[in-house]
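Student: sharing a sequence plus its predicted fold:
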Amino acid sequence: MEKNKNFFNIYDYLAPIYNLLFKWFLFKSGSLVASHVNKIIKPNKIIIEIGCGTAYQAKLYKRFKKIILLDPSSRMLDEARTGLGNKAKSFVFLNIPAEELLLEPNTIDFAIFNHSLNVINKPKEVINTLLKILKSEGQIIINTKLKEKNENIFIVIINKILGVFLQYDSNFSIDFFKEYNHEILFKSKFYQIIIIKK
């Protein structure tokens, strides 16, 4: 799905009010992802969060060696720095699209998408790149909304509206993950958490 050329501007404009608009939805699912990471992470691990937004989820990680926060919206990253306060010094910020990520192989322990994978132009290309830079025991953790068969019409309509407004692929389905070693960690009507392993 090719995104509108003004895509990044949408998130630049949303940045100051993003938490206010979406906290009720994103914070709950984001806390489940953070809880999973916190259970298995060790102090010497490296995390990269793709499409980190305002970094509300990054605040929840308990132990880490380094966290890289990537977002193509500069204003989102500004909000992230402000929200993290003094803790911002512990983070690395990358203001680039996910497709431009270049890191050495076997350098990352966890790659995390919190409702951001279906906003990316070339999601398979990004997943394949992450699998190369992931360490052998590493995980890609994806929190997203998947289209399902026989879905409630109300959910379908809301998802379509938000898809247009936020420029994401509302037809994203579990079929995307079939070629990967994956498992579903959590499932609800509004979001699913999927883990991809090497």
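Tutor: Received it, and whenever you're ready, just let me know what you need.

Student: CA atoms for contacts and neighbours, from now on please.
Tutor: Will do.

Student: in the chain, which helix or strand is least confident?
Tutor: The weakest-scoring helix or strand in the chain, judged by mean pLDDT, DSSP states H and E, is helix 153-166 (a mean of 56).

Student: partners of the next helix or strand after it in the sheet?
Tutor: With elements assigned by DSSP states H and E, the helix or strand that comes after helix 153-166 is strand 181-187. Looking at strand 181-187 with DSSP bridges, its partner strands are strand 192-197 (antiparallel).

Student: residues contacting the strand it pairs with, please?
Tutor: Outside strand 192-197, the residues within contact range by C-alpha atoms under 8 Å, 6 or more residues apart in numbering are 33, 131, 137-146, 180-187.

Student: kindly recompute the last result at 7 Å.
Tutor: 138-146, 180-187 (C-alpha atoms under 7 Å, 6 or more residues apart in numbering).

Student: need the contact list for the spatially most central residue of the chain.
Tutor: Nearest to the mean C-alpha position of the chain, counting by C-alpha atoms, centre = their mean, stands residue 113 at 1.9 Å. Residue 113 makes contacts with 49, 50, 51, 141, 142, 143, as judged by C-alpha under 7 Å, 6+ apart.

Student: may I see those residues arranged in CSV, with neighbour count as well?
Tutor: As requested, the contacts of residue 113 are exported to CSV (neighbours: other C-alpha atoms under 10 Å):
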residue, neighbour count
49, 24
50, 26
51, 27
141, 25
142, 23
143, 24
